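Trainee: Show me the folded form of this:
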Amino acid sequence: MSSTSAHVHIYHVAGLDDRDRGFSRQIHVIPREGGFQARLRYESLQIDVDPVPTEDQVLPGLIHLLHDRGYRQLRTQRIFIGERYLGNQELWVEYPDPEVPLETRNTWLAWLRQIVGRSSPS
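Mentor: Coordinates of the predicted model:
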């Protein structure tokens with residue numbers, strides 16, 4: 001898919017992947033019959049979000065899928081409107097991480113206490 005297509009809008013998405021590594025990739029937002037579809041490729045991950053009625057709905061849908069896979073600190077920025085390059089003219093949109101369930105936080109806290117307890121001198 002060409003970044004010069006008059007109908008495709010391109011966004012950057014940046015954040016931390018499911019292995020806590022920083023990443024930045026392009027999202028292609030493609031007009032489809034009945035709405036807009038988002039497409040993201042990152043290493044072996046390939047996500048094609050089902051078409052939604054408006055362009056404003058497609059990125060939150062993609063972000064939700066990334067959050068479900070453990071991605072965090074996500075933000076997007078539009079860099080192309082069709083063939084027009086925007087560079088850094090548009091502001092970044094930040095998406096809050098989902099709340100971690102209390103039982104998960106307690107598990108992580110217990111795990112952290114075990115690690116810290118092992119490394120402290122007796």
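
Trainee: Could you pull out the helices in the chain for me?
Mentor: Along the chain, counting by DSSP state H, helices occupy 55-68, 102-119.

Trainee: per-stretch mean pLDDT over the ones you listed, give me the minimum one.
Mentor: Lowest mean pLDDT of the helices of the chain: helix 102-119, a mean of 63.

Trainee: where are the low-confidence patches of the protein?
Mentor: Along the chain, segments meeting pLDDT under 70 span 1-6, 101-114, 117-122.

Trainee: which residues touch the residue positioned nearest the centre of it?
Mentor: With distances taken as C-alpha atoms, centre = their mean, the residue of the chain nearest its centroid is residue 63 (4.4 Å). With contact set as C-beta atoms under 8 Å, 6 or more residues apart in numbering, residue 63 has these partners: 13, 74, 76, 95. (C-beta placed from N, C-alpha, C; glycine too.)

Trainee: try it again with 7 Å
Mentor: 74, 95 (C-beta atoms under 7 Å, 6 or more residues apart in numbering).

Trainee: Ok, residue 96 next?
Mentor: Counted by C-beta under 7 Å, 6+ apart, residue 96 has zero contacts.

Trainee: What separation do you get for it and residue 74?
Mentor: 9 Å (C-beta to C-beta, to the nearest Å).

Trainee: Likewise for residue 63?
Mentor: 5 Å.

Trainee: Fine, thanks again, bye for now.
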